[in-house]
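1. fold the following, please.
(chains A and B)
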Amino acid sequence: MSASMAAPDTAGPVTPPAGTPRRAKGITGTRPWVAALFLLPALVLLGALVVYPIGYSIVRSLYDAGGSGFVGVRNYGTVFSDSGTLTAVRNNAIWVVVAPSITTALGLIFAVLTERVRWGTAFKLVVFMPMAISMLAAGIIFRLVYEQDPNQGVANAVISSVHDTFSAGSAYPGARPRPGADLAPTAGGSYTTRSTVRPGTAALLPLVGIPQAELPSSAQQAGRPRGGGITGTVWLDFTPGGGGRAGVIDPGEKGLKGVTVQAVKVGRVVASAKTAADGTFTLPATAQGAQLRLPASNFAARYGGVDWLGPTLVTPSIIGAYVWMWAGFAMVLIAAGLAGVPRELLEAARVDGANEWQVFRKITVPLLAPVLAVVVVTLMINVLKIFDLVYIIAPGATQNNAMVLALKLYLTSFGGGNDQGVGSAISVLLLLLVLPVMIFNIRRIRREGRR
Amino acid sequence: MTAVDSPRPIPSLPARLTARFGGGAMRLALLLVALFWLVPTLGLLVSSLRGPTDIQSSGWWQVFTSPAQLTLHNYASLMGNSAITHALLNTVLITVPATLLVVVIGAAAGYAFAWLEFPGRDWLFLLLIGLLVVPVQVALIPVTDLYARLGIFGSLFGVILFHTAFGLPFAIFLLRNFFAEIPRELLEAARLDGAGELRLFARVVLPLGGPAIASLAIFQFLWVWNDMLVALIFANSNSAPLTVALQQQTRQFGDNIDVLSSGAFLSMVIPLAVFFAFQRQFVNGIMAGAVK
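-> Predicted structure coming up:
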């Protein structure tokens, strides 16, 4: 963080209020060697570990993997032609555009809304807290959140429970007719009887392929349909302990509750029923002469949740973790800016009849523009170097889909690969990308110095 | 609790929003957001308090129905794991010196930039501003080579020096601006009393710089404590801090959730304590670097 601040100003909030001269003047009479004494440690460290490496990287990027052969700009060519690095470049572009804008927008919304609620401070504390923890810890936190199994990852647990509320999961995934029964597979995973139904003759529809342990504990002994009308039974044709006969309802065999049974005439559904607790069902008289169909919805596989860390979603998912970490940063800076917006201006606009949205759009946001710009630029610089989150959250299988420049640099030059030429080229590329901000900062400080 | 709060609230904007959408809806939305922000961390904490078999077999939210699952087993085995405790010690041995060094060296240079005359001062300061945004990635390969030649590659010392160097631009910038606001008369009076530069610096400037130094120290402390990349490169298995030790366990994430969740939480305890204790200074440090 310390090396990532954008557009710094000579008078931050920790300094006393302005009014005193900004440019400090030297105390007369100090000898240069005294100044050298005070500066020396800093200059040595900065020179050896920050300035010298910049030059070294630029030169090194023009040499091959081992560092002995001069290759000109070939390493830069590799960065923009190798498909792995190109993915990193593309993902970095996505990161730099998407992450700062979402983070800043959320920070703005939170800053404006929390001014009203009494527990606004507590809210800010909660949202700001992730700033204090490491990217590693945040990465582990979100690996847990994004676990694929709805029994492990809270994101999929929430999503699949919502999913199941709106479209009930099938009751018996993987179930199929007992071989030899009068049920043939038909389109889309459904099963249909070959014969047609008549009143008075119960249709027996035996199923297998359901583990005994997965039956609901309320499952009852399968029943024989009673009475007239068009009836039948859907049951699990399996006798625990063995000894059952195929296609016959033996004692101990359970009825399957809640199975949808449709009566179909010439491809059209004329009636439909659901089985009772003992597996029996009754269809209206209109079903006479129809074939019975067990639609695929009875057997569909259970909803497995979203594949957060799969190839397509892995980068958006990691950006989500980043937003979680940094929205508090944006919120706190914007809230401080908001405190400096003159209330009279807002009041005057309201008196003139502006509605709240207009006040927000036309007055608050323009007045906050400098703060918003600083937040966005700071986040962009930060995002450009994103490493830990991607390295920790992306599983091995989709690491290449989530690749970013800083991670590529690490993997190319240290973790596994040993190509310090391409690694240096990537690092110079990162430096070039922050160069505009660097120049902007320097010009700004110079301007202030002259004032 | 007031540090993250802004001094003056806008009374009317949300008041009208309240009128329009109903304050209840806004409150509910904010409450949901707060929950959304808390749940991931809560998940880590609860996971770290469940035994390995429970973690493997069901989601952490099961503890709300069967609180008997809660156990300190993971933390006990973490504390018995010498690799982890050694790494925790390394984290402290890296963070404390790197913080102290940045404060001392940064304050000395900040004072020189603010109050001493030397040739090229303005030019050097502009260079320093430029260094504020240099990505650490630029230095990884060159410093690896430099450290190898100096024989400090893999040592705690090398990691500390690297963190110090990359903390310095911000430190000097922050402190120079703060020191520049010290009234000139105060320094001149001390000089007339016969104080030398060193004495002046130690007895007048440093104490007056207290608030800025506090912000800087907290910032640097959190930065170094939470670092993984620098240590990943420059530390070896003997000098690796907690972040690197845990990172190595993430390869088999599913099998190591017990170690990882408790270890990650252990690594968060100190930063969170520092954060809650010194919020004001932390926020001031952030704003000094960014606002306006």
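2. please parse the chain into its domains.
-> The chain I'm using is chain A. Structurally, chain A divides into domains by automatic domain parsing as follows: A:32-147+A:308-450, A:176-298.
3. can you look at chain B instead?
-> As assigned by automatic domain parsing, chain B contains the domains B:12-71, B:77-290.
4. ok, residue A:280 - contacts?
-> By C-beta atoms under 8 Å, 6 or more residues apart in numbering or on different chains, the contact set of residue A:280 is A:223, A:224, A:225, A:226, A:231, A:232, A:233, A:255. For every residue, glycine as well, the C-beta is placed using N, CA and C.
5. confidence-wise, which of the domains of chain B is weakest overall?
-> For the domains of chain B, the weakest mean pLDDT is recorded on domain B:12-71, namely a mean of 79.
6. next, the buried residues of the worst-scoring helix or strand of chain A on mean pLDDT.
-> When the helices and strands of chain A are compared on mean pLDDT, DSSP states H and E, helix A:154-166 comes out lowest with a mean of 76. Neighbour-count burial for helix A:154-166, counted by 16 or more other C-beta atoms under 10 Å in any protein chain shown, picks out A:154, A:155, A:156, A:157, A:159, A:160, A:163.
7. which strands and helices lie in contact with the helix or strand just after it?
-> Per DSSP states H and E, the first helix or strand lying C-terminal to helix A:154-166 is strand A:176-177. Strand A:176-177 is packed against strand A:203-208, with contacts defined by 3 or more C-beta pairs under 8 Å, 6 or more residues apart in numbering or on different chains; DSSP states H and E.
8. and residue 152, what helix or strand is that in?
-> Just so you know, I chose chain A. According to DSSP H and E, residue A:152 maps onto no helix or strand at all.
9. what does residue A:271 give?
-> Using DSSP H and E, residue A:271 maps to strand A:268-274.
10. and residue B:273, by the same measure?
-> Using DSSP H and E, residue B:273 sits within helix B:257-277.
11. flag every buried residue along that helix.
-> For helix B:257-277, the neighbour count (16+ other C-beta under 10 Å) marks B:257-268, B:270-272, B:274-275 as buried.
12. of those, list those near chain A.
-> By C-beta under 8 Å from any C-beta of the partner chain, the members of the buried residues of helix B:257-277 lying near chain A are B:257, B:260, B:261, B:264, B:265, B:267, B:268, B:271, B:272, B:274, B:275.
13. follow-up on the earlier one: quick one: the least confident helix or strand of chain A to chain centroid distance?
-> Between the centre of helix A:154-166 and the centre of its chain there are 15 Å (C-alpha atoms, centre = their mean, to the nearest Å).
14. show me the strands in chain A, by range?
-> Per DSSP state E, chain A carries strands over the ranges A:176-177, A:184-186, A:190-196, A:203-208, A:230-236, A:260-265, A:268-274, A:280-283, A:291-294.
15. turn these into a markdown table, columns for mean pLDDT and distance to residue A:137.
-> Shown next, in a markdown table, are the strands of chain A (pLDDT from 0 to 100; distance: least, C-beta to C-beta, whole Å):
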| stretch | mean pLDDT | distance to residue A:137 |
| --- | --- | --- |
| strand A:176-177 | 84 | 47 |
| strand A:184-186 | 84 | 51 |
| strand A:190-196 | 86 | 49 |
| strand A:203-208 | 86 | 49 |
| strand A:230-236 | 87 | 48 |
| strand A:260-265 | 88 | 48 |
| strand A:268-274 | 87 | 49 |
| strand A:280-283 | 88 | 55 |
| strand A:291-294 | 88 | 50 |
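16. circling back: got the contact list for the least confident helix or strand of chain A?
-> Residues contacting helix A:154-166 (C-beta under 8 Å, 6+ apart): A:144-151, A:169, A:303-306, A:308, B:39-40, B:43, B:59-61.
17. mind running it again at 10 Å?
-> Contact partners of helix A:154-166, identified using C-beta atoms under 10 Å, 6 or more residues apart in numbering or on different chains, comprise A:142, A:144-151, A:153, A:169, A:302-308, A:317, A:320, B:39-40, B:42-43, B:59-61.
18. any of those residues buried? List them.
-> By neighbour count, with 16+ other C-beta under 10 Å, those hold A:142, A:144-148, A:150-151, A:153, A:303, A:305-306, A:308, A:317, A:320, B:39-40, B:43, B:59-60 as buried.
19. before we move on, back to that, distance to residue A:52 added to the domains of chain B, as a markdown table?
-> Formatted as a markdown table, the domains of chain B follow (distance: least, C-beta to C-beta, whole Å):
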| stretch | distance to residue A:52 |
| --- | --- |
| domain B:12-71 | 40 |
| domain B:77-290 | 7 |
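20. deepest of the ones you listed, which one?
-> Counting by mean count of other C-beta atoms under 10 Å in any protein chain shown, domain B:77-290 has the highest mean neighbour count of the domains of chain B, with a mean of 21.
21. so how far is it from its chain's centroid?
-> 8 Å.
22. each with direction, which strands does the strand holding residue A:271 pair with?
-> Note on strand A:268-274: by DSSP bridges, its sheet partners are strand A:260-265 (antiparallel).
23. what are the contacting residues of the partner strand?
-> If you take C-beta under 10 Å, 6+ apart as the criterion, strand A:260-265 is touched by A:170-171, A:186, A:190, A:192-193, A:196-197, A:203, A:205, A:230, A:232, A:234, A:268-275, A:281-284, A:286-298.
24. in that strand, what's buried?
-> Under the neighbour-count criterion of 16+ other C-beta under 10 Å, strand A:260-265 has A:260, A:261, A:262, A:263, A:264 buried.
25. and stretch A:185-203, by the same measure?
-> Using 16+ other C-beta under 10 Å as the test for burial, stretch A:185-203 gives A:186, A:190, A:191, A:192, A:193, A:197, A:202, A:203.
26. pull up the distance across it, start to finish.
-> 17 Å (C-alpha to C-alpha, to the nearest Å).
27. check stretch A:280-289 too.
-> End-to-end span of stretch A:280-289 (C-alpha to C-alpha): 19 Å.
28. residue B:174 against residue B:288, yeah?
-> Yes. Using C-beta atoms under 10 Å, residue B:174 is in contact with residue B:288, at 5.3 Å.
29. next, the angle helix B:257-277 makes with the top helix by length along chain B.
-> Longest helix of chain B, by residue count under DSSP state H: helix B:82-115. If you take axes from the mean of the first three to the mean of the last three C-alpha atoms, to 10 degrees, helix B:82-115 sits at 30 degrees to helix B:257-277.
30. is helix B:82-115 positioned near chain A?
-> Yes. Residues of helix B:82-115 contacting chain A under C-beta under 10 Å from any C-beta of the partner chain: B:101-102, B:104-115.
31. for residue 151, grab phi and psi.
-> Here I'm looking at chain A. The phi/psi pair for residue A:151 (degrees, to the nearest 10) reads phi -90, psi 0.
32. quick check: the gap between it and residue A:299.
-> 22 Å (C-beta to C-beta, to the nearest Å).
33. with residue B:129 instead?
-> The separation that residue B:129 has from residue A:299, given C-beta to C-beta, amounts to 67 Å.
34. who touches residue B:75 in this structure?
-> By C-beta under 10 Å, 6+ apart, residue B:75 lies in contact with B:48, B:49, B:258, B:262, B:263, B:265, B:266.
35. let's see that with 6 Å instead.
-> residue B:262 (C-beta atoms under 6 Å, 6 or more residues apart in numbering or on different chains).
36. would you mind measuring the gap between the ends of stretch A:146-163?
-> Length of stretch A:146-163, first residue to last, C-alpha to C-alpha: 17 Å.
37. ugh, typo on my part, it should be stretch B:117-137
-> Its first and final residues considered, stretch B:117-137 spans 34 Å by C-alpha to C-alpha.
38. same check, this time on stretch B:127-138
-> Start and end residues of stretch B:127-138 are separated by 17 Å (C-alpha to C-alpha).
39. if we ignore the residues flanking it in sequence, what's nearest the residue nearest in space to the middle of chain A?
-> In chain A, the centroid-proximal residue (C-alpha atoms, centre = their mean) is residue A:317; its distance is 2.2 Å. For residue A:317, ignoring the flanking residues on the chain, the nearest one in space by C-beta to C-beta, 6 or more residues apart in numbering or on different chains is residue A:308 at 4.5 Å.
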